[in-house]
Structure formats: C-alpha cells, structure tokens
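Participant: Got a predicted structure plus its sequence, pasted below:
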Amino acid sequence: MSIKSEIQKFKKILPKNVKLIAVSKTKPNEDILEAYVAGQLHFGENKAQEMSEKFVSLPPDIKWHFIGHLQTNKVKYITPFAHLIHSIDSIKLLGEVNKHAYKNQRIVDCLLQFHIATEETKFGLDLREAQSILDCDYFKTLLNIRIVGIMGMATLTDDKEMIRKEFRYLKNCFDELKAEFYPDTDSFKEISMGMTDDYQIAIEEGSTMIRIGSAIFGARNY
C-alpha cells in the first residue's frame, strides 16, 4: 500500500467532523510530500526541533500539530508557526507558549492534555487540575493562547472496553469544561483522541481529531 492510497482511504471513511492528523515524526520529507500531494495538510510531530526543521523545508500551507510532551525550553522552536499544540499539561507551559506567541504576534491554539490511561508514563491533567487552570487569575492574563479543546491517549491494550471507557471519560471531561468555561465559545470544540489501533472506538466516542502514523507511513524509523 502506498502513502497516497492510505491517505485517500482515510479521507473516504472518516466522518466529516473528524480531522486526520498524519503523524510524520521520524519520517523523511519525501514521505510527508507524498501525503501532501495526496491532499493531506495536517501533520503531527513530537520533537520541537524536528518539527521546526520540517516547517522550513516543506510547503508553507502545511498545518503543523505538536503532539509530543513539550518542554518549556523547546517552546520557542514551534510557537512561530504551530497550528495547534495538543499537549499542554501545566499552567507554567501555557505561560511559556503565551510569552513566545506574544513575541511572534500570534495567538496559538492549544489543547489541554488529560491523563486517561493506566500507564504512569503518560503525561496529562485530571479534570480538577484542568478546571483550576481555566479558573485561575493568571490564565485570564494569557491573551496570546486560545484553548480549543482537549487531548488524551488511551492505555496500550487489546481490551477494547477499557479503551472505550477511557475515551468516554475524556469526552465527559470535555463536556464538563465546555459547560463550565466555554458554553458560548464555538472554538472550544476539539477532542484529539484515537491513534492507528484505536481510532474507530475514539470516533464512536466523540473524537474530532485522530492521530495516525503507522497506518499511513508504515513502521516508525528510529
């Protein structure tokens, strides 16, 4: 199967309200260009410097999504151009993104990352922590970022019911935050959940963005 045919397959099967993020981390520019020529504009990377190098050498209309754990000292590499940062897990990180967004005269869209899996290694907030971020006075001063939704990664398991439960929990967190903080804000609408092995369950549970790597590009290069 070619990259082009996989992109076309996803375009056919995905509901209109679900965006495909092609996870291009570790992949060469030629693979990204092949997906781009097939009509894919949204790409996900998890290393700030790798993403900034790709941004410089690939078509300017590509929309770059940062999907990895973001360290505060790497924020400066991606804020000039990032379309969406999926992995905000602290108010400190939000402040850093805001600072560099201000320097670049941009408003940067962000998702709050939730910890929904059983693995301790995954990063993210719980509902109470997310509420306290959105409720604090400091957050209200951050005028160069915009929270447009939330993100989460399910446990790596074959137990489909467990995955479904975790995605359902994330959707419930989204609904609570929407009702409490963004009832009249159309831009707060994204739920980034679902990857190659579990995207169908994620879509059934309300995902608006799926992050697909190996199903498009094949196994990862390390």
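Facilitator: Structure's in. What do you need?
Participant: all contacts plus neighbour counts: C-alpha atoms, from now on.
Facilitator: Fine.
Participant: In three-state terms, label the spatially most central residue of the chain for me.
Facilitator: In the chain, the C-alpha nearest the mean C-alpha coordinate belongs to residue 86, at 3.3 Å (CA atoms, centre = their mean). At residue 86 the chain is in strand, as set by DSSP: H, G, I helix; E, B strand; the rest coil.
Participant: Over to residue 149?
Facilitator: Per three-state DSSP, residue 149 ends up strand.
Participant: go on, residue 21?
Facilitator: Classification of residue 21 using three-state DSSP returns strand.
Participant: Numbering from 522 from now on, please.
Facilitator: All right, first residue 522 from here; so that's residue 542.
Participant: Just to check, it is in contact with residue 564?
Facilitator: Yes. The criterion here is CA atoms under 8 Å, and residue 542 meets it with residue 564 at 5.2 Å.
Participant: list the residues that contact both of the two?
Facilitator: residue 586 (CA atoms under 8 Å, 6 or more residues apart in numbering).
Participant: Could you list the low-pLDDT ranges of this structure?
Facilitator: Within the chain, the stretches with pLDDT under 70 are 642-643, 741-743.
Participant: What segments of it are strands?
Facilitator: With DSSP state E as the criterion, the chain has strands at 540-544, 563-566, 584-587, 605-609, 629-635, 666-673, 711-713, 730-733.
Participant: any chance of these in CSV, with distance to residue 574 too?
Facilitator: CSV is the format used below for the strands of the chain (distance: least, CA to CA, whole Å):
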stretch, distance to residue 574
strand 540-544, 16
strand 563-566, 11
strand 584-587, 12
strand 605-609, 17
strand 629-635, 19
strand 666-673, 23
strand 711-713, 24
strand 730-733, 21
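Participant: related to what we said a few turns ago, for the residue lying closest to the residue nearest to the centre of the chain once chain neighbours are set aside, give its distance to residue 527.
Facilitator: Nearest residue to residue 607, sequence neighbours excluded (CA to CA, 6 or more residues apart in numbering): residue 632, at 4.7 Å. Applying CA to CA, to the nearest Å, the value for residue 632 to residue 527 is 27 Å.
Participant: Looking at these two, which is more packed in?
Facilitator: More crowded of residue 632 and residue 527, by other CA atoms under 10 Å: residue 632, with 23 against 16.
Participant: Surely that one and residue 672 touch.
Facilitator: Yes. At 6.1 Å, residue 632 counts as touching residue 672 under the criterion of CA under 8 Å.
Participant: okay, and the common contacts of the two?
Facilitator: Both residue 632 and residue 672 are in contact with 607-608, where contact means CA under 8 Å, 6+ apart.
Participant: so residue 672 makes contact with residue 634?
Facilitator: Yes. Counting by CA under 8 Å, residue 634 is a contact partner of residue 672 at 4.7 Å.
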